[in-house]
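A.B. asks: pasting the sequence and the predicted model now:
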Amino acid sequence: MKPPKTIEELRASILAKYDSLSKRLQQIAKYVLDEPNDFALETVAVLAERCGVQPSAIVRFAKSFGFDGASQMQKLFRDDLLTGQSSLGYAERIRQFKDQVGKAEVTGPMQILSEFVDSNILALGHLREDILERDLKKVTKLIADCENVYVVGFGRAFPIAAYFAYALSRLNKRTIFIDG
């Protein structure tokens with residue numbers, strides 16, 4: 001079985017096979033369809049935790065659609081994210097980097113670090129493109145006009161919130177960081 005070449009082909013294949021998948025693989029399929037960006041950017045361990053399955057189930061899911069492993073399936077999702085980028089030069093640089101890093105399954109700590117860095121580069125690139133300048137100006141003015149700024153962040157947002165609170169305090173803005 002050859003793996004799908006596009007996200008659309010993969011989605012169609014998942015929907016066509018959904019009823020024949022095991023309960024665990026259906027959990028993964030639902031997550032893949034509902035959260036494609038997370039599937040593109042997260043590690044297999046994180047994906048497995050979010051789906052409520054073992055990491056080997058993620059690999060099994062990918063193989064059931066003709067992929068050699070989870071990384072190959074994730075690359076399809078990452079490529080889809082990249083093609084949505086407005087800056088082709090940036091997207092091409094990231095694609096070339098991913099081609100170098102993503103040729104094999106995770107083989108050690110450097111591979112994990114490389115994938116982590118790559119995923120965050122993609123996420124930051126999308127953040128820059130998703131934020132409208134007028135919205136950023138509006139939020140900046142709101143913060144500047146406030147006497148106190150309360151910052152809260154839980155889970156994955158915690159480090160971002162902590163850094164944001166730190167940055168505001170360095171600007172002499174009265175900041176109250178609320179942690180768990």
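C.D. replies: Looks like it came in fine.
A.B. asks: distance check, V152 against P36.
C.D. replies: 28 Å (C-beta to C-beta, to the nearest Å). Using the backbone N, CA and C atoms, a C-beta is placed for each residue, glycine as well.
A.B. asks: who's more crowded, those two?
C.D. replies: P36 (17 against 13; other C-beta atoms under 10 Å).
A.B. asks: residues touching the residue nearest to that one when sequence neighbours are not counted, list them.
C.D. replies: Nearest-residue entry for P36: F77, 5.6 Å, with adjacent residues in sequence omitted and distances by C-beta to C-beta, 6 or more residues apart in numbering. Shown in contact with F77 (C-beta atoms under 8 Å, 6 or more residues apart in numbering): I7, P36, N37, F39, A40.
A.B. asks: recalculate using a threshold of 7 Å.
C.D. replies: Shown in contact with F77 (C-beta atoms under 7 Å, 6 or more residues apart in numbering): I7, P36, F39, A40.
A.B. asks: quick check: the first one touching D79?
C.D. replies: Spelled out, that is I7. No - under the criterion of C-beta atoms under 7 Å, I7 makes no contact with D79, lying 8.3 Å away.
A.B. asks: who's more crowded, those two?
C.D. replies: Taking I7 and D79 together and counting by other C-beta under 10 Å, D79 has the greater number of neighbours (20 against 16).
A.B. asks: quick one, strands of the protein?
C.D. replies: Taking DSSP state E as the criterion, the chain contains strands spanning 149-152, 175-178.
A.B. asks: for these, which one sits closest to P109?
C.D. replies: Nearest to P109, of all the strands of the chain, is strand 175-178, at 31.4 Å by C-beta to C-beta.
A.B. asks: what residues does that closest one touch?
C.D. replies: With C-beta under 7 Å, 6+ apart as the test, strand 175-178 has contacts from N148, V149, Y150, V151, V152, A162, A165, L168, S169.
A.B. asks: separation between the fifth one and A123?
C.D. replies: Which is V152. Taking C-beta to C-beta, one finds V152 at 21 Å from A123.
A.B. asks: and the second one, by the same measure?
C.D. replies: Plainly put, V149 is 24 Å away from A123 if you go by C-beta to C-beta.
A.B. asks: looking at the two, which one has more neighbours?
C.D. replies: Per other C-beta under 10 Å, whichever of V149 and A123 has more neighbours is V149, with 17 against 13.
A.B. asks: now tell me which helix or strand of this structure has the poorest mean pLDDT.
C.D. replies: Within the chain, no helix or strand scores below helix 88-101, which has a mean of 50 by mean pLDDT, DSSP states H and E.
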